[in-house]
Structures are given as structure tokens and as C-alpha cells.
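Participant: I would like the atomic coordinates for the input below:
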Amino acid sequence: AKAPRNQRRSSRSWLRWQVLALLFFYIQTTQQNWLLNISRISFHSTDNTVLLDEVTLKNLEIFSSSYEWNEKYSLIWVLDTTKTAGWWRLFRSLLSNPINNFHQLTYRHNHIEYYFYHEQETHKIHYQLWFVCDIEKTISNLLYRKLLPSGFIKLRNSLKIVFEQPFIQQELLRIGLSEEVKKSVQSFYHTLQNTLKDDEEYSDDMNFIRDGIDDEIDKLREIAFHSDKLLVQYQQFLSEITNISNIKVKFILNQGYFIEITNKDIEQFEKKIFEYQQNHPEEGKTNLLRRNTLKGGQRFTSPYLDHLQESILQAKNQLVKIEFNRLAYLQQEMAMILSSLTTFSWFLSWLDVFTSHALFAKQHFYIKPTITTNHRIEIIEGRHPVIEQFLPKEQKFIPNTLTFWDHNDFLHIITWPNMWGKSTYLRQNAL
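Facilitator: Below you'll find the predicted structure:
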């Protein structure tokens with residue numbers, strides 16, 4: 001005897017939770033980290049999708065061609081005019097799992113139709129989306145890989161394209177993005193913009209926080225990157241008291257800072273330094289120690305120069321620590337609005353899909369289909385999207401019509417000689 005329906009549903013639900021728990025345990029064990037980028041969990045039902053098995057995908061050449069066994073000459077290769085990897089993943093998912101939900105299909109077709117008839121605006125959107133990075137992947141890298149400012153700068157620049165272009169914001173709201181999500185992401189964008197230096201000022205993974213954000217950072221930066229003024233002043237001081245113009249203060253990685261004097265000036269240099277020390281015993285800048293003897297001169301150091309070098313190195317180390325603390329704070333802020341960022345990225349992906357399909361349809365003279373709930377199928381002058389693309393320029397694809405009037409008329413027999421297009425006719429209507 002079969003178990004009651006409610007009991008069977010409860011059993012299936014419990015099994016889903018067990019599978020989900022095992023999956024989370026596996027991911028957390030292998031990643032050794034918090035699963036911050038999983039913002040929502042939903043059950044995917046096959047009730048509203050058209051199931052495509054491997055044989056169907058292969059015969060219809062949706063993802064790979066039977067000629068070269070790669071994407072070239074496949075359906076996705078022809079149809080995909082999206083701009084980034086994030087949106088390519090969405091488009092691939094749409095082809096893998098076609099839906100048969102009337103309302104969802106109508107929603108998608110209506111938006112494609114809108115951009116089809118607003119061509120100039122669609123071209124502007126499509127061009128701007130070219131410069132947007134793969135936001136979802138960038139977020140994952142920032143959460144789980146080495147924390148680097150380049151990732152935040154890439155994310156900042158992508159968000160800048162949206163929030164500096166009011167018409168893109170309007171289109172995102174028009175296709176369903178909520179005002180609340182937009183404001184949340186926009187606030188985070190302003191935080192990134194106010195915290196991180198502009199692209200032209202950023203050169204490496206150090207010294208990337210804007211001036212004026214943190215007084216301690218500004219002071220350390222002055223010591224770490226502008227201490228050359230102190231070195232020049234010290235060099236000028238030694239030149240004045242010794243009357244030698246070609247004294248050099250140099251830096252070598254394995255020796256640090258040192259003073260270099262040529263052989264012809266060494267006698268005068270030592271004499272003048274000794275005289276100055278006799279007259280100014282409290283002055284520590286002239287307490288020199290010989291470091292190296294070269295063929296062409298002598299190298300000296302001093303407690304003052306060693307102290308200055310130590311201050312510079314300490315300032316740089318402390319600066320790196322404080323700046324990366326700022327970066328960790330940005331990471332925490334990003335984690336707090338992760339759901340909004342994911343939703344925002346999702347709608348950007350849909351905007352790219354809608355505009356790409358609209359431009360493709362405009363270019364190839366496609367029209368919006370009328371979706372019905374009855375059993376009637378009528379395709380007038382249909383064309384195979386892949387074969388049509390690779391015909392010689394002087395040769396045009398011959399369109400074909402297919403009509404099934406009702407559920408009693410769902411069997412047609414096609415007879416014709418070999419190589420006369422029977423397979424093409426079957427595939428184009430299946431697609």
C-alpha cells in the first residue's frame with residue numbers, strides 16, 4: 001500500500017534538507033571558511049522547464065557542433081552576444097533549462113520587444129555593459145581569496161558605470177530591481193569611491209587609500225614616501241659645512257642609505273666634519289662612520305641616517321597594516337550587503353541578455369512570437385539560426401513553414417531525397 005500523499009511530501013522534503021546539509025558540510029570542510037556568498041537557497045523544480053537530455057543537446061548542437069566538437073558553429077556560439085562571463089553563465093543556463101511557464105516567457109519577450117523598438121538606447125546600454133566586470137566572481141574572490149585592493153577597485157569601477165549613468169539605473173528599475181537594493185549597493189559604491197584612490201593614482205597593492213581619510217595614514221605616508229625631502233636637506237647640510245658640492249646620499253637594498261664621497265674630496269670632507277664636530281659637539285648629524293672603501297671613493301653612514309632609514313621602513317610596514325585593516329573593513333561591509341550585491345548583479349545579467357537578444361533580433365529580422373496555451377503551433381517562414389549565419393554571402397537561407405493545428409494533427413511525415421534539408425527542417429523547428 002502506498003503511503004499518504006502528505007507523508008510522501010514530508011519524506012521528500014526531509015531528504016532535500018539532508019542532502020543540503022551534507023553539501024554544506026562538504027563545502028565548509030574543503031573551503032575552511034565561512035560560506036558568506038551563499039545568500040539564498042531555493043528549490044528548483046522541473047515542473048516549469050523543458051527537460052533536455054544529453055542526446056537532445058547533442059543533436060540540436062546547442063553547446064557544441066557535431067563537426068568540430070566545440071562551441072564554434074553551435075547555437076550558443078551564434079546567439080551569444082553578451083558582454084561578460086557572468087552574463088554568459090546566465091545565458092548558458094537559459095539554454096540548458098528552457099522554461100514553459102507562460103508568464104515568465106511573456107515577461108522575457110516583453111522586455112526584449114521593448115529594447116527591440118528602442119534601438120538607440122539599447123546600443124548605449126550594450127556598449128556600457130562591456131566595461132562591467134564579472135561582479136559575482138569578483139565578490140567571491142574578495143571573500144575567499146587573498147585580500148587585495150585591485151579587486152575592490154575593479155568592483156568600484158564596475159559599479160561606477162551603473163551609478164554614473166542614470167539611464168542604466170532606470171533600466172534596472174524598469175526590469176524589476178527594487179529601489180531598496182539599488183540604494184544599498186549605491187551606498188556601498190560611495191564608500192568604495194570615498195575610500196580608494198582613483199585609477200590613475202593607484203599603482204600597486206600599497207598606498208591605495210585616499211588622502212584625507214585617515215590622519216595616521218597621511219602622517220605615515222608623508223614619512224614613507226616623502227622623506228626624500230629630509231634626505232635632500234641632509235645632503236645640502238653636509239655640502240654647506242664641507243664646501244663640497246658633489247656629496248651624494250644613496251640607497252642600495254642590501255646596505256640601506258649611505259653617504260658617498262669621491263677620493264679627491266675625502267681629505268677635505270673629513271677635515272671639515274672634524275672641525276664642525278669640535279664647534280657643535282651636540283649635533284648628531286656629523287657623527288659619521290666609515291662603511292665601505294671603494295676604488296673611487298668612500299662610503300659613510302651616521303646614526304641620523306640609520307634612524308631616518310628605520311623610520312621610513314617602520315612607516316611603510318605600519319602603513320601596509322593600517323591600509324589593509326581598512327580593506328578588511330570594506331570586506332565586512334560588502335559581506336553585510338551580499339544579498340543586495342548578488343541581486344544587483346543578477347539584474348545586470350538580465351539587462352545584458354535582454355539588450356543582446358533585442359539587437360540580435362533586429363540584425364537578423366527576428367520577430368516576437370505569440371505564446372499560446374493551446375496545442376496549435378504555427379511557424380511561418382522559420383529559419384535555422386546557425387546554418388543561416390554560415391551560408392555564402394550570395395546565398396540566402398530558404399525559409400520553411402510549420403503548422404500543427406490541434407492535438408489530433410501532431411504527426412507529419414517528411415519524405416525527400418538525401419541532402420535536401422530534412423534534418424535542418426527538423427532541427428530548426430525543434431529549436
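Participant: report how many residues lie close to Trp69.
Facilitator: 10 (other C-beta atoms under 10 Å). (C-beta placed from N, C-alpha, C; glycine too.)
Participant: just say helix, strand or coil for it.
Facilitator: At Trp69, secondary structure determined by DSSP: H, G, I helix; E, B strand; the rest coil is coil.
Participant: now swap in Phe131 and tell me
Facilitator: Under three-state DSSP, Phe131 comes out as coil.
Participant: surely Glu381 forms part of a helix?
Facilitator: No - counting by three-state DSSP, Glu381 is not part of a helix but strand.
Participant: right, and it touches Pro399 too?
Facilitator: Yes - judged on C-beta atoms under 8 Å, Glu381 makes contact with Pro399 at a distance of 3.6 Å.
Participant: who's more crowded, the two?
Facilitator: Higher neighbour count among Glu381 and Pro399: Pro399, with 13 against 10, using other C-beta under 10 Å.
Participant: relative to Ile379, how far out is the more buried one?
Facilitator: 9 Å (C-beta to C-beta, to the nearest Å).
Participant: swap in Ile223?
Facilitator: For Ile223 relative to Ile379 (C-beta to C-beta), the value is 74 Å.
Participant: the more surrounded of these two?
Facilitator: Ile223 (18 against 15).
Participant: doesn't that one belong to a helix?
Facilitator: Yes - the assignment for Ile223 is a helix, going by three-state DSSP.
Participant: excluding chain neighbours, what is closest to it?
Facilitator: Distances taken as C-beta to C-beta, 6 or more residues apart in numbering place Ala315 nearest to Ile223, at 3.9 Å, with adjacent residues excluded.
Participant: OK, contacts around the one you found?
Facilitator: 220-221, 223-224 (C-beta atoms under 8 Å, 6 or more residues apart in numbering).
Participant: where's Phe237, which helix or strand?
Facilitator: Under the criterion of DSSP states H and E, Phe237 resides in helix 228-242.
Participant: give the next helix or strand downstream of that helix.
Facilitator: strand 248-252.
Participant: which helices and strands sit right next to that following strand?
Facilitator: Packing partners of strand 248-252 (3 or more C-beta pairs under 8 Å, 6 or more residues apart in numbering; DSSP states H and E): helix 228-242, strand 256-262.
Participant: now do 10 Å
Facilitator: Counting contacts by 3 or more C-beta pairs under 10 Å, 6 or more residues apart in numbering; DSSP states H and E, strand 248-252 is packed against helix 228-242, strand 256-262, strand 297-301, helix 303-336.
Participant: ranges for the helices of the stretch 101-250 of the chain?
Facilitator: 102-117, 119-129, 135-144, 149-163, 166-174, 179-195, 215-226, 228-242 (DSSP state H, counting those that start in this stretch).
Participant: what residues does the last one touch?
Facilitator: Meaning helix 228-242. 222-223, 244-251, 257, 259, 261, 265, 268-273, 275-277, 279-280, 283, 285-286, 288, 300, 302, 304-305, 308-309, 311-312 (C-beta atoms under 10 Å, 6 or more residues apart in numbering).
Participant: cool, stretch 386-403 as well?
Facilitator: Under the criterion C-beta under 10 Å, 6+ apart, residues 60-62, 65, 72-79, 364, 376-385, 409, 412, 421, 424-429, 431 lie in contact with stretch 386-403.
Participant: buried stuff in that stretch?
Facilitator: Buried residues in stretch 386-403, counting neighbours by 16 or more other C-beta atoms under 10 Å, are found at 386, 397, 400.
Participant: show me what the last one is bridged to.
Facilitator: Beta bridges link Asn400 to Gly382 when assigned by DSSP bridges.
Participant: Pro369 versus that one, what's the distance?
Facilitator: Counting by C-beta to C-beta, the gap from Asn400 to Pro369 is 16 Å.
Participant: same question, Ile414
Facilitator: Distance from Ile414 to Pro369, counting by C-beta to C-beta: 23 Å.
Participant: check His103 too.
Facilitator: 15 Å.
Participant: from Arg291, how far out is the closest residue to Lys250 other than its chain neighbours?
Facilitator: Sequence neighbours aside, Glu260 is the residue nearest to Lys250 in space, at 5.7 Å (criterion: C-beta to C-beta, 6+ apart). Glu260 sits 10 Å away from Arg291, going by C-beta to C-beta.
Participant: what residues are shared contacts of these two?
Facilitator: By C-beta under 10 Å, 6+ apart, Glu260 and Arg291 have these common neighbours: 298-300.
Participant: which of these lies closest to Thr342?
Facilitator: Thr342 lies nearest to Arg299 out of those, by C-beta to C-beta, at 58.9 Å.
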